[in-house]
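Visitor: fold the following, please.
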Amino acid sequence: MVTAIVLLKVERNGVEGVAQSLLSFDGVTEVFSVAGQYDLVAILRTHTNEEIADLMTKSIRGVPNILQTETLIAFKAYSRDDLGAMFSIGNEEVTG
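Guide: As a prediction, this is how the structure comes out:
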């Protein structure tokens, strides 16, 4: 699974519409409105890099009110839950 994080600058009154449009595309799993220099962050999850490229160029670029995007491809996922599971190995209580 390939994950991309897309940072979007959007027209001031277009945030809600852009977010809803993005969610209509297969491969867009979450969209967050955020504070800072970007207005939205979209999480894309596909099977291949080519599918990410197609999603960006054939779908997302056509959404009105998007001013600018920056796409980050994730190399590795780190999760607190995964770390917790890793550190709990060997710490199970033995009963019996």
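Visitor: quick one: the strands in the protein?
Guide: 2-10, 28-33, 40-46, 66-73 (DSSP state E).
Visitor: quick one, which of these is nearest to residue 54?
Guide: Closest approach to residue 54 among those is made by strand 40-46 (8.5 Å; C-beta to C-beta). Any C-beta I mention is one placed from the backbone N, CA and C, and that applies to glycine too.
Visitor: give me the number of residues near the nearest residue to residue 68 once chain neighbours are set aside?
Guide: Spatially, and ignoring its direct neighbours in sequence, residue 68 is nearest to residue 9 (4.2 Å; C-beta to C-beta, 6 or more residues apart in numbering). Number of residues near residue 9 (other C-beta atoms under 10 Å) recorded here: 14.
Visitor: you'd agree residue 9 is up against residue 34?
Guide: No. Applying C-beta atoms under 8 Å, one finds residue 9 not in contact with residue 34, separated by 11.0 Å.
Visitor: does residue 49 really touch residue 2, like I thought?
Guide: Yes. When contacts are counted by C-beta under 8 Å, residue 49 is listed as touching residue 2 (5.6 Å).
Visitor: these two: which is more packed in?
Guide: Set side by side, residue 49 and residue 2 show more neighbours around residue 2, with 15 against 11, by other C-beta under 10 Å.
Visitor: the more buried one contacts residue 45, correct?
Guide: Yes. Counting by C-beta under 8 Å, residue 45 is a contact partner of residue 2 at 7.1 Å.
Visitor: just grab the bridge partners of the residue nearest the centre of the chain for me.
Guide: Residue closest to the average C-alpha location in the chain (C-alpha atoms, centre = their mean): residue 43, at 1.1 Å. Beta-bridge pairing of residue 43 under DSSP bridges involves residue 5, residue 30.
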